[in-house]
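# Turn this into a model:
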Amino acid sequence: MFLNLQPLGCLPFVKAIKPENANPCVEEVTSITKLHNEALPKALKKLKSELKGLKYSIADLYTFLGERIDNPSKYG
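Numbering: from 1, shown residues only. All right, here's what the predicted structure looks like:
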């Protein structure tokens with residue numbers, strides 16, 4: 001199982017690095033994270049074609065944690 005990246009631009013330590021950022025997340029970091037998450041399935045598909053018998057799944061950590069960041073009261 002492979003995990004895609006969580007919304008790194010929304011993590012407190014990342015936001016602390018750019019205190020001038022007025023948004024809830026640091027967009028530069030979020031953009032790079034999204035690019036990585038788009039490339040991951042493509043890279044794994046290519047790897048699967050090279051490694052016969054390779055089986056994998058991708059856990060969507062970005063959506064899982066993003067939902068909790070965006071709606072904290074919904075999750076306690």
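# State which helix of this structure is the longest.
When the chain is parsed with DSSP state H, its longest helix is helix 27-50.
# which outside residues touch that helix?
Here helix 27-50 makes contact (C-beta atoms under 8 Å, 6 or more residues apart in numbering) with 2, 4-10, 14, 21, 54, 56, 58, 62. Where you see a C-beta, it was placed from the backbone N, CA and C, and this is true even at glycine.
# rerun at 6 Å
Here helix 27-50 makes contact (C-beta atoms under 6 Å, 6 or more residues apart in numbering) with 4, 5, 8, 9, 14, 54, 56, 62.
# can I assume the fourth one is in contact with residue 21?
Read that as residue 9. No: taking contacts as C-beta atoms under 6 Å, residue 9 lies outside contact range of residue 21: 8.9 Å.
# if you count what's nearby, which of these two comes out ahead?
residue 9 (21 against 16; other C-beta atoms under 10 Å).
# Does the more buried one belong to a helix, a strand or coil?
Following DSSP: H, G, I helix; E, B strand; the rest coil, residue 9 is assigned to helix.
# how close does it sit to residue 71?
Residue 9 sits 17 Å away from residue 71, going by C-beta to C-beta, to the nearest Å.
# How about residue 48?
Distance, residue 48 to residue 71, using C-beta to C-beta: 35 Å.
# quick one: which of those two has more around it?
Between residue 48 and residue 71, residue 48 has the larger neighbour count (other C-beta under 10 Å), namely 13 against 9.
# ok, now how distant is the residue of the chain most remote from its centre from residue 19?
Taking C-alpha atoms, centre = their mean, the residue of the chain most remote from its mean C-alpha position is residue 52, at 27.5 Å. Using C-beta to C-beta, residue 52 is found at 50 Å from residue 19.
# Residue 42 too?
Taken as C-beta to C-beta, the span from residue 42 to residue 19 is 35 Å.
# cool, and residue 27?
According to C-beta to C-beta, residue 27 and residue 19 sit 15 Å apart.
# The two: which has the busier surroundings?
Taking other C-beta under 10 Å, residue 27 and residue 19 do not tie; residue 27 has more neighbours (11 against 7).
# Now do residue 13: how many residues are near it, please.
With other C-beta under 10 Å as criterion, residue 13 counts 7.
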